[in-house]
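Chemist: need a structure here:
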Amino acid sequence: MNHTFHIPVLGLGYSIDTPLKVARYGISSVVSIVDDELTERMRKYHQEKTVGGYTLISKKEEDSRAKRITAYLNLLDLLVKEQFASLKTQTFEEGTDLSRYFELLPDTSILKQQYDKMKASETSGSGSSGLATSAFNAALRKQLLEAMVPGTIDVNIMSKVDKANYKANQEYAGDDFTDALAAMRGFASSTLNSSVIISAGLNPRLYAYMEKCNAFYPDADGKLQKKIILKVSDFRSALIQAKMLAKKGLWVSEFRVESGLNCGGHAFATEGFLLGPILEEFKQKRQELAEELYQMYGAALNNKTLSEIARPVQRITAQGGIGTAEEHKFLLNYYELDATGWGSPFLLVPEATNVDNDTLNDLITAREDDYYLSNSSPLGVLFNNFRKSTAEQQRIQRLEKGRPGSPCTKKFLCTNTEFTELPICTASREYQNLKIKQLQGLQLSQSDYQKQFDSVTEKVCLCEGLCASAYLKASLLKPRENKAVSICPGPNLAFFHSKYALKEMINHIYGRENLLADVMRPNLFVNELNLYVDYLKKDIAAHLEELTAKKDKYFSKFKDQLLSGIAYYRELVPKLSFPDSSAVDEMLRQLNLAEQRLA
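Modeler: Here you go, the predicted structure:
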């Protein structure tokens, strides 16, 4: 790719059509395909605006989830190809999308340098040299057009969101029709030449199904039309999952390393392993990892009587909390990464994402403590929440009215069978009422009861909340639909306080502008470290009354890992890019403070 960053998945609706906004400029982005109702409604919206001829794919149709996802991805593919073809017919004049394509590229890009050379030549070319200049520029234009590529339309599947589905007669629909497998089938059947990002851990059933999908194997030319990206939080989990896939003849084309806590959406905290040391391990073992996986991969292809191909590319990228051009550049150069991911800051870029005006204004005016790590997710995984969101306000209002929980209409996160034969969602009104009645019968102390009551009622509906903003922005919200918005920015967004144009944000990433010039912000690594210290402190406090030997050992190991990370960062400081010596002193001071807090 020509850019050195990508836009990761942002909730359900926030990046659902981001490719239509940025792919023509060569920028890759990720679409969530968890919610097939969302993909179907967005397909109707975009198809009627462009090519027309929309026909509903009803939920009553056989395999409707996969069909809906395929149809939406095919539409995105078609529209981006049309946008890109149209862009390439434009002239290299100021203000055209064609010129914008090259102007947005990083200054280190050969394409950007050739474009600048052509523009400079056009400005200076005159007189007897005019003909030669014209011929030179014509050849250069041809080269530039041939080298252009659109950004990829990648998709995200959370492996844990794999609800079992049942037919009208309550008969189990079968493993191939669980949510994650149907979504994977939808992607595999699409016309996209892109990647699926698998997040939220290992799902053996999903991996076994992928082995049956021809789309993930090399074609007649030895190329992978559909690629696999693993979103991972450490080297060990990356190795385990990639080996499992390689043994099935499935190649991992990219490891997308994400900070455990300094990221948006669901947060998967490591046991004290910090981003810097994790990336160091990937850097040191990169060749060894690729070689080991390729041996397994080649053997598996041979067993399947598929031709062994030359070793495919294996990229390593990182994301979570990156906020400055210096951090972006350092990660690329020092850890030899192929790209970085910039997610939450793009929530403030209306040209790229779907954030309704009210939520956008709340994000712009938010304070640092408005962003917090919560237990709001029905999945039972930590979730980055926003105190000012209308969904959080609605949750509190329902509690005050004595009606905790949400109506459960979409049922994507129904996993609990504590009270019912069929799974229900822990954020639902049904579950919370049943659970509260159980608590009332346990004769708990007032403090224990309140603690458990708060834990139960903290859960909030994400299926509707993470789509609402997209519906509001596109005026697609139906009359009786819930308009409360859930949003899950990473804590790094607290340092951005304005609405930005796409060009402004990209110029910030590449160091051509500084959107944080007057903002006091900790270094990427220090910010994550402080988040982990806070996390450990909170976890210890929750277990003080019943501290088991196993948990005590876990806390000690966690603390030792953080101390090891601090020692690593002290050695790294001289290699980091700082504007002056005072910034170096400040980072060392912050590392010392974190070490004191741990002590």
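Chemist: now find how far off-centre the lowest-mean-pLDDT helix or strand in the chain is within its chain.
Modeler: One helix or strand of the chain scores below all others by mean pLDDT, DSSP states H and E: helix 130-147, with a mean of 82. Here helix 130-147 shows a centroid-to-chain-centroid distance of 39 Å under the convention CA atoms, centre = their mean, to the nearest Å.
Chemist: swap in stretch 422-434?
Modeler: 28 Å.
Chemist: buried sites along stretch 546-561?
Modeler: 555, 558-559, 561 (16 or more other CB atoms under 10 Å). Where C-beta positions appear, they are placed from N, C-alpha and C, glycine not excepted.
Chemist: from the chain's centre, how far out is it? Work that out for me.
Modeler: The answer for stretch 546-561 is 31 Å, by CA atoms, centre = their mean.
Chemist: give me the element P489 is part of.
Modeler: Of the helices and strands defined by DSSP states H and E, none includes P489.
Chemist: returning to what we had before: what about the buried residues of stretch 546-561, which are in helices?
Modeler: Here DSSP state H is the test, and the buried residues of stretch 546-561 give 555, 558-559, 561 as lying in helices.
Chemist: how about those residues in TSV, adding pLDDT and distance to G222?
Modeler: What follows is those, written out as TSV (pLDDT from 0 to 100; distance: CB to CB, whole Å):
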residue	pLDDT	distance to G222
F555	96	50
F558	97	45
K559	97	49
Q561	97	42
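Chemist: what is the nearest of these to P489?
Modeler: Of all these, P489 sits closest to F558, with 25.6 Å by CB to CB.
Chemist: excluding its backbone neighbours, what's nearest that closest one?
Modeler: G272 (4.0 Å; CB to CB, 6 or more residues apart in numbering).
Chemist: likewise for P407?
Modeler: R429 (6.2 Å).
Chemist: same question, A267
Modeler: In space, A267 comes closest to L382 once its chain neighbours are excluded; the distance is 4.3 Å by CB to CB, 6+ apart.
Chemist: so that neighbour makes contact with Y372?
Modeler: No. Assessed by CB atoms under 8 Å, L382 is found out of contact with Y372, at 10.4 Å.
Chemist: which one of these two has more residues nearby?
Modeler: Higher neighbour count among L382 and Y372: L382, with 18 against 14, using other CB atoms under 10 Å.
Chemist: pLDDT on stretch 256-272, on average?
Modeler: Stretch 256-272 shows a mean pLDDT of 95.
Chemist: count of neighbours near E327?
Modeler: Per other CB under 10 Å, the neighbour tally for E327 reads 18.
Chemist: check which residues of the strand or helix carrying it are buried.
Modeler: Under the criterion of DSSP H and E, E327 resides in helix 325-334. Going by neighbour count (16+ other CB under 10 Å), the buried part of helix 325-334 is 325-332, 334.
Chemist: ok, stretch 493-512 next?
Modeler: So stretch 493-512, judged by 16+ other CB under 10 Å, has buried residues 493-497, 500, 502-510.
Chemist: next: stretch 280-294.
Modeler: Buried residues in stretch 280-294 (16+ other CB under 10 Å): 280-282, 286, 289-290, 293-294.
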